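Asks: The sequence and its predicted three-dimensional model are supplied below.
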Amino acid sequence: PVPIPPPHETANSDASRVVAARPDLFRIVTPINVDRFEEFLQDHPNPLFVRSVSRALREGFWPWADTSDDSYPSISDNSMHTCSKTDDQLQFIHDQLCEEINLGRVSESFGTDLFPGMYSVPMHTVPKSNSDKLRLVVDHTAGLYSLNSMIDHDSIKGTKLDGLHSLGASL
């Protein structure tokens, strides 16, 4: 089954308090009609897995992170840990963020200060293959306190976390 947050991650943490206080920043948005998804998979040979995926589509996926390391700060602004950008790259990032906000997949700005339990990550662009267009990169590995550094890589060995296509393949 898809994992749920362990109790130590939800009990009395900075992040849990912020999620409770500002649910508008953490909406769960999916293009999947979860009820219909469950109907299609009602005869699936692994119903526990299907139920866990359905729950995650409704409540959010847990990225196997362990945030209990006391050496990590409560807030980490890593957004400036990035390379310089051209005007075109900055405009592309701005346009992409506006589109994601309009689609409800990214929260609107809540100011320049992060809340306890929040980490920001750098964004940059790379050219798309065989194209002059750009692709947005959100770097979860950059910096001393990167988001990916909180994930035990042995716990996700063999798991592809690349979106709906890999989720569909695992079903």
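Replies: That came through fine.
Asks: use CA for all of it now, contacts and neighbours both
Replies: Fine.
Asks: Spit out the contact partners of the spatially most central residue of the chain.
Replies: Most central in the chain under Cα atoms, centre = their mean is Pro63, positioned 7.6 Å from the mean C-alpha point. Remark: with contacts taken as Cα atoms under 8 Å, 6 or more residues apart in numbering, Pro63 is in contact with Ile151.
Asks: ok, 10 Å please
Replies: Contacts for Pro63 (Cα atoms under 10 Å, 6 or more residues apart in numbering) come out as Val2, Pro3, Ile4, Pro5, Leu147, Asn148, Met150, Ile151, Ile156, Leu161.
Asks: wait, is it part of a helix?
Replies: No - Pro63 sits outside any helix when classified using DSSP: H, G, I helix; E, B strand; the rest coil, being coil.
Asks: Kindly provide the distance from it to Phe110.
Replies: If you measure Pro63 against Phe110 using Cα to Cα, to the nearest Å, the figure is 24 Å.
Asks: for Asp95, same thing?
Replies: Taking Cα to Cα, one finds Asp95 at 18 Å from Phe110.
Asks: Wasn't Gly104 part of a strand?
Replies: No - Gly104 is assigned coil when assessed by three-state DSSP, not a strand.
Asks: ok, it - contacts?
Replies: Contacts of Gly104 were listed using Cα under 10 Å, 6+ apart, and they are Leu25, Phe26, Arg27, Ile28, Val29, Thr30, Cys98.
Asks: what secondary structure does the last one sit in?
Replies: Taken by three-state DSSP, the conformation at Cys98 corresponds to helix.
Asks: Neighbours of it, how many?
Replies: Neighbours of Cys98 under the rule other Cα atoms under 10 Å: 15.
Asks: Hmm, His140 is touching His81, no?
Replies: No - between His140 and His81 no contact is recorded; they are 11.2 Å apart, counting by Cα atoms under 10 Å.
Asks: Noted, bye for now.
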